[in-house]
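Student: need a structure here:
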Amino acid sequence: MSSSTRRGVILGSGFVLTGIGARALAQSRRRLAAGDVSASQVDLGSASDAVKRLYAGQNAPLWTDRNAAALAEGLERASAHGLDPQPYLALIEGSTSVGDRDLNLSRTALAYSKALAIGLVDPSKIFSNYTIARDAPDLVVGLRSALADQRVTAWLAGLTPQDSLYAALSAAYLEMAGRSSASDLPPVPPGPSIRVGDRDGRRAAVLAALAGASAPNAVVQPQSNIWTQADADLLKTYQRSRGLAEDGVVGPNTLALLNASSRDKARRLAVNLERLRWLQREPPPTRIDVNTAASMLSYIVNGEVAWTSIVVPGRPGHETPQLQASFERLVVNPPWYVPASIARREITPKGPGYLARNHMRRVSGRIIQSPGPWAALGQVKFDMQNRYAIYLHDTPSKSVFSRSQRHLSHGCIRVQHAVEFGRRLATSSGNGDRFDSILKSGRTGVVPLRAPIPVRLIYLTALFGDDGAVTFRPDIYGWDVRTASAMGLTAPAREGVEAVTAAPLGP
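Tutor: Have a look, this model is predicted:
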């Protein structure tokens with residue numbers, strides 16, 4: 001028996017699965033048995049057309065033992081991407097002949113490389129309005145070249161996002177997935193919401209969970225079951241850092257985040273790694289990225305963050321879609337053409353007096369709000385062009401930006417300091433004076449930009465704080481659950497959707 005055979009596992013056709021690959025197979029089987037993943041995590045059949053292209057004009061096997069071992073080593077690293085290598089490795093293990101082995105290696109390599117390069121699942125199959133630009137690499141050409149040059153390992157490693165966020169999420173995933181469930185605190189039992197002055201036997205458990213969630217000032221006092229103002233203030237700090245409603249009340253959403261186990265967090269991280277794989281590896285260097293889960297906007301110029309702002313995205317039931325669109329002009333002092341659905345449900349029933357008080361009028365059957373300090377779009381609209389009528393805009397209701405839970409709109413994005421941001425964009429296009437002149441006039445006007453600015457509306461629920469520690473935002477839209485299910489993961493528990501308090505009227 002050769003030394004390589006002794007180090008590995010002999011498969012049906014004489015192919016040796018290295019010790020690395022065998023170890024990954026055993027580990028993934030244990031994870032599968034524990035219910036962490038599903039064998040449906042990979043669709044090997046989707047690679048069939050690519051396999052035909054790969055073997056077109058090919059009369060000899062494509063795979064050497066060296067390349068096969070490199071593929072097995074690449075699959076060993078699947079867990080760093082929140083992926084399960086088991087379905088891929090199982091296919092290789094089941095080979096019964098040289099030809100079968102070669103074909104299965106190719107099918108496996110193409111399916112796995114597709115998961116790394118563009119994601120395990122197609123987001124447009126999960127979300128009907130997903131329009132964020134994606135890559136379309138030719139994996140057949142890439143694999144053929146990698147096999148010829150015997151650089152399969154390097155090829156696979158280069159397919160995933162290479163940015164620091166992906167690397168940090170990957171490291172956090174491995175750390176969370178590697179934790180023993182015994183290291184988790186016992187969950188706080190369910191029960192009614194806890195408010196200041198309430199006597200509740202769960203107080204000590206809540207404070208212990210806060211201390212475990214990096215709230216070092218949490219003091220556990222089992223001798224007292226009364227939820228104090230100091231407890232509430234401590235909880236508010238935690239809630240604000242997680243994007244929860246900052247009320248100091250131990251409610252269902254707060255409890256869900258506090259009770260999240262290491263396994264729950266690992267699944268959330270796997271979902272967010274998948275979302276990053278959906279995105280272009282080289283996005284437009286100058287763009288606006290809005291993380292709707294975290295209610296944050298970043299303006300990126302030549303690859304560097306030049307401006308950030310908090311925003312107000314859509315509330316549950318009026319979710320801001322994951323889309324990409326551009327705008328090449330600013331509308332200053334914009335009127336609001338009220339969508340028919342909002343007019344029918346929220347304006348018309350209030351009668352003509354409401355319309356008059358809010359400077360609204362009917363024109364050809366449509367309700368239009370005149371520009372002015374009362375206008376729902378504020379003083380500037382970033383005129384994104386898309387079929388969903390989603391855009392960024394100002395708002396006269398500045399108080400909404402002080403809330404920690406800001407999912408309040410009908411789907412559009414309200415931007416804090418929108419006038420200042422609009423002026424910045426206008427000035428960079430040589431039209432700052434025009435912007436200010438129109439703004440001062442109170443009349444509606446358009447300010448063109450030198451070049452279109454792409455906007456990506458992204459949903460990421462895992463973030464990193466200033467201390468470098470990973471934190472999570474509530475899955476306000478339930479999209480973590482939907483994506484996890486599509487990936488074949490056991491879906492994380494859906495947080496209860498908090499009731500949205502009254503929000504100012506607007507898109």
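
Student: Hmm, residue 451 and residue 327 touching each other?
Tutor: No - in this structure, residue 327 is not within contact of residue 451 by CB atoms under 8 Å, at 10.7 Å. Where C-beta positions appear, they are placed from N, C-alpha and C, glycine not excepted.

Student: Show me which of these two is the more surrounded one.
Tutor: residue 327 (21 against 10; other CB atoms under 10 Å).

Student: what distance separates the biggest helix by length in the chain from the centre of its chain?
Tutor: The helix spanning the most residues in the chain, taking DSSP state H as the definition, is helix 98-118. With CA atoms, centre = their mean, to the nearest Å as the basis, helix 98-118 stands 27 Å off its chain's centre.

Student: Give me the next element, helix or strand, following that helix.
Tutor: helix 123-126 (DSSP states H and E).

Student: how about that following helix: buried residues?
Tutor: By 16 or more other CB atoms under 10 Å, the buried positions in helix 123-126 come out as residue 123.

Student: again, but for stretch 154-167
Tutor: Buried residues in stretch 154-167 (16+ other CB under 10 Å): 155-156, 159-161, 166.

Student: repeat for stretch 96-104
Tutor: 101-104.

Student: if we can go back for a sec, which one of the buried residues of stretch 154-167 is nearest to residue 427?
Tutor: Nearest to residue 427, judged by CB to CB, of the buried residues of stretch 154-167 is residue 161 at 32.8 Å.

Student: and the closest one, what does it touch?
Tutor: 276-277, 279, 281 (CB atoms under 8 Å, 6 or more residues apart in numbering).

Student: let's go with 10 Å and repeat that
Tutor: Residues near residue 161 by CB atoms under 10 Å, 6 or more residues apart in numbering: 81, 116-117, 167, 169-170, 273, 276-281.

Student: Within its sheet, name the partner strands of the longest strand anywhere in the chain and how each one runs.
Tutor: Looking across the chain with DSSP state E, the single longest strand is strand 445-458. Sheet pairing of strand 445-458 (DSSP bridges) gives strand 287-291 (parallel), strand 324-332 (antiparallel).

Student: With just CA atoms, put stretch 425-442 into PDB.
Tutor: Written as PDB, here are the backbone C-alpha positions of stretch 425-442 (Å, rounded to 0.1, in the frame of the first residue of the first chain):
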ATOM      1  CA  LEU A 425     -23.300  65.600  -4.500                       C
ATOM      2  CA  ALA A 426     -24.400  68.700  -6.300                       C
ATOM      3  CA  THR A 427     -21.200  70.500  -5.400                       C
ATOM      4  CA  SER A 428     -19.000  67.600  -6.600                       C
ATOM      5  CA  SER A 429     -20.800  67.900 -10.000                       C
ATOM      6  CA  GLY A 430     -20.200  71.600 -10.100                       C
ATOM      7  CA  ASN A 431     -23.800  72.500  -9.400                       C
ATOM      8  CA  GLY A 432     -23.700  73.500  -5.700                       C
ATOM      9  CA  ASP A 433     -24.800  77.100  -6.400                       C
ATOM     10  CA  ARG A 434     -27.800  75.800  -8.500                       C
ATOM     11  CA  PHE A 435     -28.800  73.500  -5.700                       C
ATOM     12  CA  ASP A 436     -28.800  76.200  -3.100                       C
ATOM     13  CA  SER A 437     -30.600  78.700  -5.400                       C
ATOM     14  CA  ILE A 438     -33.500  76.300  -6.100                       C
ATOM     15  CA  LEU A 439     -33.600  75.300  -2.500                       C
ATOM     16  CA  LYS A 440     -34.000  78.900  -1.400                       C
ATOM     17  CA  SER A 441     -36.600  79.600  -4.000                       C
ATOM     18  CA  GLY A 442     -39.000  77.000  -2.600                       C
END
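
Student: what's in contact with that stretch?
Tutor: Contacts of stretch 425-442 (CB under 10 Å, 6+ apart): 286, 288, 299, 301, 306-307, 327-333, 371-373, 379-380, 382, 419, 422-424, 443-451, 453.

Student: Apply 6 Å and report the result again.
Tutor: 332-333, 423, 445, 447, 449-450 (CB atoms under 6 Å, 6 or more residues apart in numbering).

Student: List the contacts of the very next helix or strand once past the longest strand of the chain.
Tutor: Counting by DSSP H and E, the element after strand 445-458 in chain order, helix or strand, is strand 462-464. Residues outside strand 462-464 that contact it (CB under 6 Å, 6+ apart) are 168, 268-269, 272, 294, 470-472.
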